[in-house]
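**Student:** Got a predicted model here, sequence first, then my questions.
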Amino acid sequence: MKKAWQETLYAIWMGMAVPGLILAILVMFWEKDKPESNTEPETLTAPVSLSVLVLWPDGVVEQMDMDAYLTGVVLAEMPAFFESEALKAQAVAARTYARKASVTGGKHGDGSVCTDYTCCQAYQSPEEYLEKGGTRDDIQKVRSAVLDTTGYVLTYNGELIEAVYFSCSGGKTEDAVAVWGTDYPYLRSTDSPGEENAAHYSETKRFTSEAFQEALGVALAGEPAQWLGEVTYTAGDGVDTMEIGGVKYSGVELRAALGLRSTAFTITVQDNEIRIVTYGYGHRVGMSQYGADAMAAAGSDFRQILSHYYPGTVLEKCLQEGG
Ligand SMILES: [Zn+2]
């Protein structure tokens with residue numbers, strides 16, 4: 001009887017142990033084959049508590065809780081009616097930007113981030129948001145997106161990335177090198193479909209021939225139709241160079257001089273009027289906010305959105321200061 005009992009126990013043990021062992025081996029191989037990009041970090045038990053130095057418009061630098069700061073950034077940088085996964089992607093990009101400033105010194109040299117969107121990142125406090133007609137539900141939705149991604153930052157080769165973003169690409173994002181002259185492997189042109197309903201997807205601007213010359217600071221002879229020469233384009237369908245009146249301008253120069261929404265534009269002349277149609281809004285490098293919203297509406301989560309706009313980057317959880 002004793003032997004039969006032992007055999008039964010042995011059979012039960014083998015019945016559990018052998019499939020367990022096989023499963024363990026399978027998991028081991030699966031882990032090994034998993035792509036490195038955007039891998040899920042280990043489950044965390046420690047709470048994430050990051051802070052950020054905020055440079056206010058009056059020049060005061062204040063230390064703030066990172067996620068409280070990010071709630072204000074997302075409220076200011078992205079419409080709260082956007083999909084939650086797009087808001088999460090925005091929160092991760094903004095957190096990465098702030099962490100990078102903290103680690104490298106940032107644009108202000110002291111690790112702080114200011115609240116000017118043309119310099120660092122825009123910020124609107126929940127109180128200001130309510131005063132301007134926003135709702136508590138919006139604030140809660142944005143806060144949840146920030147807290148759901150708490151600690152998450154994007155890295156490339158172990159370094160925090162330049163997590164740049166903009167409003168709308170017009171269909172395709174731009175190479176960083178085309179705009180800033182520096183190449184980043186994760187900031188290269190990519191398709192950005194579904195933005196057609198975005199504000200400023202395309203815009204037409206008209207100049208008289210006089211206003212056009214004034215904007216460029218030149219006096220051109222002949223008919224406007226004869227001023228326009230050869231055009232070259234960037235990988236992101238932006239204007240790389242354009243010849244006007246025999247002078248070669250970069251797309252970036254023309255965008256600034258003519259006050260265009262982006263470097264993706266066409267110029268035509270009709271009845272001596274110069275007509276410029278621009279596509280997208282912003283520098284068009286990195287994550288398109290309207291594109292992120294379109295991806296989220298089509299079912300992508302924030303990880304997929306981030307790996308689309310910042311290819312090859314890894315999502316990591318930054319646990320503490322200096323982490
Ligand atoms: Zn700044």
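**Tutor:** Great, that's in hand. Numbering: from 1, shown residues only.

**Student:** drop to CA atoms for contacts and neighbour counts, all remaining ones
**Tutor:** OK.

**Student:** nearest spatial neighbour of the residue of the stretch 151-300 of the chain found nearest the ion, skipping sequence neighbours?
**Tutor:** Nearest to the ion, among the residues of the stretch 151-300 of the chain, is V164, at 13.3 Å (Cα to the ion). The shortest distance from V164 to any residue other than its chain neighbours is 5.2 Å, reached at G286 (Cα to Cα, 6 or more residues apart in numbering).

**Student:** pretty sure that neighbour is touching L187, no?
**Tutor:** Yes. Look at G286 against L187 with Cα atoms under 8 Å: they come within range, at 5.5 Å.

**Student:** Pull up the overlap in contacts between these two.
**Tutor:** Listed contacts common to G286 and L187 are 174, 176, 309-310; contacts here mean Cα atoms under 8 Å, 6 or more residues apart in numbering.

**Student:** of all those, which comes closest to T241?
**Tutor:** E174 (14.5 Å; Cα to Cα).

**Student:** ranges for the strands of the stretch 151-300 of the chain?
**Tutor:** Taking DSSP state E, counting those that start in this stretch to define them, one finds strands in the stretch 151-300 of the chain at 152-156, 159-160, 165-166, 202-208, 228-233, 239-244, 247-250, 265-270, 273-279, 287-288.

**Student:** What lies in contact with the second one?
**Tutor:** Right, strand 159-160. Counting by Cα under 8 Å, 6+ apart, strand 159-160 makes contact with 96, 99-100, 153-154, all of which sit outside it.

**Student:** which of these count as buried?
**Tutor:** With burial judged by 16 or more other Cα atoms under 10 Å, the buried subset of the contacts of strand 159-160 is 96, 99-100, 153-154.

**Student:** Dump these to a markdown table, plus distance to the ion and pLDDT.
**Tutor:** What follows is these, written out as a markdown table (distance: Cα to the ion, whole Å; pLDDT from 0 to 100):
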| residue | distance to the ion | pLDDT |
| --- | --- | --- |
| T96 | 15 | 97 |
| R99 | 13 | 96 |
| K100 | 12 | 96 |
| V153 | 19 | 97 |
| L154 | 20 | 98 |
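
**Student:** sorry, back to before: the shared contacts of G286 and L187 in helices, which ones?
**Tutor:** Among those, the members falling in helices (DSSP state H) are 176, 309.

**Student:** tell me which of the shared contacts of G286 and L187 is nearest to T268?
**Tutor:** Proximity to T268 was ranked across these by Cα to Cα; first place goes to E174, at 22.7 Å.

**Student:** just checking, that closest one touches D191?
**Tutor:** No. Assessed by Cα under 8 Å, E174 is found out of contact with D191, at 9.4 Å.

**Student:** The two: which has the busier surroundings?
**Tutor:** Neighbours were counted for E174 and for D191 using other Cα atoms under 10 Å; E174 has more, 25 against 15.

**Student:** and that one, what does it touch?
**Tutor:** E174 makes contact with 187-190, 234-238, 283-286 under the criterion Cα under 8 Å, 6+ apart.

**Student:** which of those has the most neighbours?
**Tutor:** Ranking the contacts of E174 using other Cα under 10 Å puts R284 first, with 30 neighbours.

**Student:** Enumerate the residues of the stretch 101-250 of the chain near the ion.
**Tutor:** For the stretch 101-250 of the chain, the residues found near the ion under the criterion Cα under 5 Å from the ion are 114, 119-120.

**Student:** just the buried members of those residues?
**Tutor:** In terms of neighbour count (16+ other Cα under 10 Å), the buried residues within those are 114, 120.

**Student:** Angles on the backbone of R95, please.
**Tutor:** For R95, the backbone dihedrals (degrees, to the nearest 10) come out as phi -60, psi -40.

**Student:** number of nearby residues for it?
**Tutor:** Based on other Cα under 10 Å, the number of other residues close to R95 is 28.

**Student:** Having no further points to raise, I will conclude here.
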